[in-house]
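1. With the input below, show me the fold.
(2 chains)
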Amino acid sequence: MYEKDGEKYFVVDAHTHFWDASPDNWVKGQEEYAKGWIECFHAYQGLGPKETHWPIDRFQKYSEELMMHDLFEVGHVDKAIFQPTNLRQWYTNGFNTTEADGAMAERHPGQFLVNTTFDPREGDAGMKAFEERVKRYGCKGVKLYTAEWRGDSRGWSLKDPEAAKYLEKCEELGVKNVHIHKGPTIWPLDKDAFDVSDVDHVATDFQGLNFIVEHVGLPRIEDFCFMATQERNVYAGLAVVIGGLMHARPKFFAKVMGELMFWIGEDKLIFGADYAIWEPKWQVEGFVDWNMPGDDELSDFAPLTVDQKRKILGLNAARLYDIDVPAELRIKDPENVEPVGVPNS
Amino acid sequence: MTALDDRDVRVRVGAAHAAVWAALGTVRDPELDEPLTDLGFVARCEVSAAGHAVIRLRLPTYFCAPNFAFLMVADAYDAVAGVPGLTGLDIRLDDHFASEVINRGVAARQGFVASFEGEAVDELDTLRYDFVRKAVLAGTDRVCRTLSGTGLNPATLTLGEVPASPDLDRLRARRRELGLPAEDGAPLLLDPATGQPVAPGDAKRHLAFARLTRTSMEANSGVCRGMLRARYSLTEEEEGTG
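-> Next up is the predicted model:
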């Protein structure tokens, strides 16, 4: 819980990781990729305030104690949701697996929710293992990284028929939140890897599931917003927006927040700090302190209210994940608010 | 070599270097619609006394999308190869997971499909034009922003009625690349996918998407610049390495 100026905020960090990218975990022959991946993440950390930058060795592998401290002791987080990314092709024990997250969650009851993942290229055996993980860790969500390399494959699409089978299984098991993380490679490589039209496709087909597009579809915010205006079960994960822009590019942060409020609306924006890329402390505090500047270029956008920030920082995610929010931290008589948008004429 | 010869060589090399740099300045990141030279993507640009050009390109991350990376390296090759008087050209992308494939493919003047054998089914023209259309939308917002407070209504203006500006020139240039009308009598607002004028009743929505597209591209550019700076420990001034 975070309190500022007499206002209290229930904080759900809907995007967190416990990873091991240390050289001991690099697959022989794949070192370049394993190193390239974590260095890329480390450069993202460079977009946060200088005093929150870590040396690369700590960033490659951090302790459980440090994570608990950064999230729950000083980071104002009430509940955190683990989002795994396996990358077993590059990391011997995986980069950030459901199993590693789940073990940590079990050591700290009540503080984490554990999401798992699936990969439609894993076929029937993968399906069985997926079901077992969901039951073992009580998963209510999955995190999908469609750019993951597997053998010679450079990724997959949600439109693949095999993916539909897994999504049907999600519906059956009550795994209702599907987080999608787009990356720079897919097959074939001549297509735009960040295209979100496959999300549009499955959001239409699977009305019982919620689709949370991580980093708001960056670098395709415009395609994402356009798609989200057509699909009522599509949400925006704010990882990278707050962490990557609020400090480094405040003007663009204001514009992007304005667009998200305009097109997506306050009920569908989900905060996630994306630890250990960025610590939640400065993001929560900064976002509560932030407001829309009174700039001509931003004249289409209204300032955010305290209740809107409450929804974004935790109440929206709590709703999707059935997290019990203490009565004094709820909003009295919350209304569903439609985004401003521009209706079709 | 006399002092005079030496000075001649220096002048000639200086001019060649300036021409190569200018050629690189015409190459844009297709996704961001900004020149490589402004983005800091040119890590090294040298021309020897014998007229041999050595260029090294760099990107914000090891995993930047390989299709856009290929386009930039191939476009840079084409642009610099057109500079008169060069005797050789060595142009390479560094520090990228697909550097070897891209450098080999571009040097051999192969297309994308041949370079990424089995991993691609088509060349990159469709991808490129999709992003020029985005650049047209973003450019429309830039031009229309300058009209606020002038009493001019973007929905009914032609390009010739818009006050001249670098943003207007850039918008016209992008429209020409797509074969869209760019002359004075052409409407300011048109659908970049079809070339059809935007009906006045749809102008508000069109302009809102134009604004959104510009925000998206500029935010991406901001992230890319920040990442490049973090990756290579650059200051803001060092981005444009001459």
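2. any idea how chain B splits into domains?
-> Here the domain parsing of chain B from automatic domain parsing is B:3-122, B:125-226.
3. what is the mean pLDDT for the first one?
-> Spelled out, that is domain B:3-122. Throughout domain B:3-122, pLDDT has a mean value of 95.
4. which element follows the strand or helix carrying B:Glu100 toward the C-terminus?
-> With secondary structure defined by DSSP states H and E, B:Glu100 is part of helix B:99-107. Heading C-terminal from helix B:99-107, the first helix or strand you meet, by DSSP H and E, is helix B:112-115.
5. Can you list the buried residues in that next one?
-> For helix B:112-115, a neighbour-count test (16 or more other C-beta atoms under 10 Å in any protein chain shown) marks B:Phe112, B:Val113, B:Ser115 as buried. (C-beta placed from N, C-alpha, C; glycine too.)
6. per-residue pLDDT, the closest residue to A:Leu66 other than its chain neighbours?
-> Spatial nearest neighbour of A:Leu66, chain neighbours left out: A:Arg58 (7.9 Å); criterion: C-beta to C-beta, 6 or more residues apart in numbering or on different chains. Model confidence at A:Arg58, expressed as pLDDT, equals 98.
7. Count the residues that sit near A:Arg58.
-> By the criterion of other C-beta atoms under 10 Å in any protein chain shown, A:Arg58 has 11 neighbours.
8. That one belongs to a helix, doesn't it?
-> Yes. Under DSSP: H, G, I helix; E, B strand; the rest coil, A:Arg58 falls within a helix.
9. Please name the nearest non-neighbouring residue to the closest residue to chain A within chain B.
-> Relative to chain A, the nearest point of chain B is B:Ala230 (2.7 Å; C-beta to the nearest C-beta). Excluding its sequence neighbours, the residue lying closest to B:Ala230 (C-beta to C-beta, 6+ apart) is A:Gly46, at 2.7 Å.
10. Show the contacting residues for the one you found.
-> Neighbouring residues of A:Gly46 by C-beta atoms under 8 Å, 6 or more residues apart in numbering or on different chains: A:His53, B:Gly226, B:Met227, B:Arg229, B:Ala230, B:Arg231.
11. With neighbour count and pLDDT as extra columns, can I get these in a markdown table?
-> Converted to a markdown table, the contacts of A:Gly46 look like this (neighbours: other C-beta atoms under 10 Å in any protein chain shown; pLDDT from 0 to 100):
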| residue | neighbour count | pLDDT |
| --- | --- | --- |
| A:His53 | 13 | 97 |
| B:Gly226 | 21 | 93 |
| B:Met227 | 21 | 94 |
| B:Arg229 | 20 | 93 |
| B:Ala230 | 22 | 92 |
| B:Arg231 | 19 | 94 |
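12. Those residues into JSON lines, with extra columns for secondary structure and distance to B:His52?
-> JSON lines is the format used below for the contacts of A:Gly46 (DSSP: H, G, I helix; E, B strand; the rest coil; distance: C-beta to C-beta, whole Å):
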{"residue": "A:His53", "secondary structure": "coil", "distance to B:His52": "40"}
{"residue": "B:Gly226", "secondary structure": "helix", "distance to B:His52": "34"}
{"residue": "B:Met227", "secondary structure": "helix", "distance to B:His52": "31"}
{"residue": "B:Arg229", "secondary structure": "helix", "distance to B:His52": "30"}
{"residue": "B:Ala230", "secondary structure": "helix", "distance to B:His52": "33"}
{"residue": "B:Arg231", "secondary structure": "helix", "distance to B:His52": "28"}
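13. Name the nearest of those relative to A:Arg133.
-> B:Met227 (33.0 Å; C-beta to C-beta).
14. doesn't A:Leu47 make contact with the residue of chain B closest to chain A?
-> Yes. With contact defined as C-beta atoms under 8 Å, B:Ala230 counts as touching A:Leu47 (6.9 Å).
15. got the residue ranges for the strands in chain A?
-> A:2-4, A:7-9, A:12-16, A:79-82, A:112-114, A:141-145, A:177-181, A:210-213, A:234-237, A:269-270 (DSSP state E).
16. Dump those to JSON lines, plus mean neighbour count and distance to A:Thr305.
-> As requested, the strands of chain A are exported to JSON lines (neighbours: other C-beta atoms under 10 Å in any protein chain shown; distance: least, C-beta to C-beta, whole Å):
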{"stretch": "strand A:2-4", "mean neighbour count": "15", "distance to A:Thr305": "14"}
{"stretch": "strand A:7-9", "mean neighbour count": "16", "distance to A:Thr305": "10"}
{"stretch": "strand A:12-16", "mean neighbour count": "29", "distance to A:Thr305": "19"}
{"stretch": "strand A:79-82", "mean neighbour count": "26", "distance to A:Thr305": "23"}
{"stretch": "strand A:112-114", "mean neighbour count": "24", "distance to A:Thr305": "27"}
{"stretch": "strand A:141-145", "mean neighbour count": "25", "distance to A:Thr305": "28"}
{"stretch": "strand A:177-181", "mean neighbour count": "23", "distance to A:Thr305": "26"}
{"stretch": "strand A:210-213", "mean neighbour count": "25", "distance to A:Thr305": "23"}
{"stretch": "strand A:234-237", "mean neighbour count": "24", "distance to A:Thr305": "18"}
{"stretch": "strand A:269-270", "mean neighbour count": "26", "distance to A:Thr305": "13"}
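17. Export these to TSV and append columns for mean pLDDT and distance to chain B.
-> Shown next, in TSV, are the strands of chain A (pLDDT from 0 to 100; distance: least, C-beta to the nearest C-beta, whole Å):
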stretch	mean pLDDT	distance to chain B
strand A:2-4	98	26
strand A:7-9	97	25
strand A:12-16	98	17
strand A:79-82	98	23
strand A:112-114	98	27
strand A:141-145	97	12
strand A:177-181	97	13
strand A:210-213	97	13
strand A:234-237	97	13
strand A:269-270	98	15
